[in-house]
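Peer 1: This is the structure alone, sequence omitted:
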């Protein structure tokens, strides 16, 4: 009976463990997305400026690809420039 009670208690706490694991996984994913965004906007976008004059078609394709998808950050930057 004691063993059955222990198994039952493990089963009862399993959803809580899953929720905690999912929450921490979400937090990690959000941090990774933030890191990637910083890398993209902070470094890659700046590096692409070197192609603005000598590789105009490539630069245009890159900037167009960055605007596709309706990223709100890109839209905000465009609105600030106006």
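Peer 2: Nice, I can see it. Computed from a predicted model, the values in this text were never measured in an experiment.
Peer 1: any low-confidence regions in the protein?
Peer 2: Within the chain, the ranges that satisfy pLDDT under 70 run 14-21, 69-82.
Peer 1: For residue 51, give me its contacts.
Peer 2: For residue 51, the contact set (Cβ atoms under 8 Å, 6 or more residues apart in numbering) comprises 58-59, 62. No exception for glycine: its C-beta is placed from N, CA and C like everyone else's.
Peer 1: Closest to residue 52 out of those residues?
Peer 2: Nearest to residue 52 out of the contacts of residue 51 is residue 59 (Cβ to Cβ; 4.8 Å).
Peer 1: For that closest one, which non-adjacent residue is spatially closest?
Peer 2: Counting by Cβ to Cβ, 6 or more residues apart in numbering, residue 59 lies nearest to residue 51, which is 4.4 Å off, once chain neighbours are set aside.
Peer 1: Distance of the one you found relative to residue 27?
Peer 2: Residue 51 is 36 Å from residue 27, where distance means Cβ to Cβ, to the nearest Å.
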